[in-house]
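Asker: Below: sequence and its predicted model.
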Amino acid sequence: MQFIDLNKQYLRYKERIDGAISASLSSSSFILGKEVNTLESRLAEYVGCKYCLTVANGTDALHIAEIAMGIDSNCNVILPSYTWVSTAETIEMLGAEIRFADIDKETFNIDPEHVKKLLDANTKLIIGVSIFGQTCELEELQKIADQAQINFLEDGAQSFGAMIGNIKSCSYADISTTSFFPSKPLGCYGDGGAIFTNNVEIYNKCKLLARHGQDDNKVFQIAGFNSRLDAIQAAVLNVKLDYIDEEIQLRQDVASFYKDKFSAHTDEIIVPHIKNNMISAYAQYTIQFLDSGLPEFVKKYLHESGIPSVTYYTPPVHMHPAYSKHSSTLNVTEKLSSRTLSLPFHPFMTQEEVEFISSSVIKALELFTE
């Protein structure tokens, strides 16, 4: 059993994907070009924003966006610790102070109320990570940023295709980023990422930074990076983008199967809490255990049963040596990071597979309490 069965997805679209890759190879246009231009236009249209810039990976997307926002050693940035390290490492590399905010105990997303307490005159950016596929509180965080006259960035690496009300992930913040790592809701067959914004000045700055600082007239205006999505990955993504809405719906169905199977065990397990006005992209299906001893016990039992599982962000970023200097008291983050386990999840899981996995989890619970 695969944690995320990418082969099943590939076989479903094999004819179109193989054709798109073959056409890209035949064109001999491997860097930027038509496929990339088409993808950027389609991505911007899909999320509902004016500008999209594709880059080499999701970490580059964050790094470039943050430089475009003017982040440097003279400011501080507020972000969650319950996230993949890229969210923090790009800020650390720019020399800014990191102020870690706690998370909501139900959604795992950054807590806007704690964000407010961390703001000061040197704060220049708030980063909200839309974790596990559910968007952070985009409207509330943007309002906080606007009132403080600073910028807000949505790290949508796990939430492409998700929605909050009528707003799609990656469309609302001053600037948003995503990742096309293969396991993401919209993934390519290598590395890839994108930056989204409605601000033409921010877009132009990001484009300069990502293309060696060179403008359309071949003049190097600033020092930049080499961060480009290759045409073959763009060709794959152009095919997969056609099916993203269908896959998002299938993810809702799989999540419902899991929820139903665990419904009799609410005293031991908390299933993902998706707010009423949100549609999650379910990049992962992460459950909480009320007993902190359960995650590793269940993980071991599942492994022995041939079922992969993952404990994400244990420990959270602020507890790693590279970031411990940014002292933080994050009670919810530290509690939840020791109580979660992510189960196999992808759009094409069958009810039988969910039954086998959930029954194995429940059996492990029974063994634990014996």
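Answerer: Yes, it's here.
Asker: What about G161, how many residues nearby?
Answerer: For G161, the neighbour count with other CB atoms under 10 Å is 27. Where you see a C-beta, it was placed from the backbone N, CA and C, and this is true even at glycine.
Asker: That one is in what secondary structure piece?
Answerer: Counting by DSSP states H and E, no helix or strand carries G161.
Asker: Output the helix or strand hosting T90 as PDB - backbone C-alpha positions only.
Answerer: Here T90, judged by DSSP H and E, is contained in helix 86-93. Extracted in PDB, the C-alpha atoms of helix 86-93 (Å, rounded to 0.1, in the frame of the first residue of the first chain):
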ATOM      1  CA  SER A  86      10.800  26.000   4.200                       C
ATOM      2  CA  THR A  87       8.400  28.500   5.700                       C
ATOM      3  CA  ALA A  88      10.900  29.400   8.400                       C
ATOM      4  CA  GLU A  89      14.200  28.700   6.600                       C
ATOM      5  CA  THR A  90      13.700  31.300   3.900                       C
ATOM      6  CA  ILE A  91      13.100  34.000   6.500                       C
ATOM      7  CA  GLU A  92      16.100  32.800   8.500                       C
ATOM      8  CA  MET A  93      18.300  33.100   5.400                       C
END
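Asker: what about it, average pLDDT?
Answerer: Average pLDDT, helix 86-93: 97.
Asker: Quick check: most distant residue from the centroid of this structure.
Answerer: Ranked by distance from the centre of the chain (CA atoms, centre = their mean), the top residue is E370, with 38.0 Å.
Asker: How much space separates it from G58?
Answerer: 43 Å (CB to CB, to the nearest Å).
Asker: Tell me which stretches of the protein form strands.
Answerer: For the chain, applying DSSP state E gives strands covering 51-55, 76-80, 97-101, 123-129, 151-155, 163-164, 167-168, 175-179, 193-197, 269-270, 278-279, 285-289, 340-343.
Asker: quick one, which of these is packed in tightest?
Answerer: Among the strands of the chain, ranked by average contacts under mean count of other CB atoms under 10 Å, first place goes to strand 175-179 (a mean of 30).
Asker: rewinding a little: gap between the residue farthest from the centre of the chain and R339?
Answerer: In terms of CB to CB, E370 sits 21 Å off from R339.
Asker: now K143
Answerer: Going from K143 to R339 by CB to CB gives 31 Å.
Asker: Compare neighbour counts for the two and give me the winner.
Answerer: More neighbours surround R339 than the other of K143 and R339, with 18 against 13 (other CB under 10 Å).
Asker: Could you check the pLDDT of the more buried one?
Answerer: pLDDT for R339: 95.
Asker: List the buried residues in stretch 65-75.
Answerer: 65-69, 71, 75 (16 or more other CB atoms under 10 Å).
Asker: Now the closest residue to H318 other than its chain neighbours: phi and psi?
Answerer: What sits nearest to H318 in space, not counting adjacent residues and going by CB to CB, 6 or more residues apart in numbering, is S81, at 4.1 Å. Dihedral pair for S81: phi -90, psi -20, per degrees, to the nearest 10.
Asker: just how off-centre is stretch 29-42 within its chain?
Answerer: 23 Å (CA atoms, centre = their mean, to the nearest Å).
Asker: scratch that, stretch 46-59
Answerer: Relative to the chain's own centre, stretch 46-59 is displaced by 13 Å; criterion: CA atoms, centre = their mean.
Asker: same question, stretch 348-362
Answerer: On CA atoms, centre = their mean, the centre of stretch 348-362 falls 25 Å from the chain's centre.
Asker: Straight-line length of stretch 322-338, end to end?
Answerer: Terminal residues of stretch 322-338 lie 20 Å apart, using CA to CA, to the nearest Å.
Asker: Enumerate every residue touching Q288.
Answerer: 269-270, 336, 339-340 (CB atoms under 8 Å, 6 or more residues apart in numbering).
Asker: Leaving out sequence neighbours, find the closest residue to it.
Answerer: I270 is the one closest to Q288 (CB to CB, 6+ apart), at 4.0 Å.
Asker: For A281, see how far away that neighbour is.
Answerer: 20 Å.
Asker: Next: D260.
Answerer: 20 Å.
Asker: so what are the domain limits for this structure?
Answerer: What automatic domain parsing lists as the domains of the chain is 6-241, 244-369.
Asker: deepest of those, which one?
Answerer: With neighbours defined as mean count of other CB under 10 Å, the domains of the chain peak in mean count at domain 6-241, which reaches a mean of 20.
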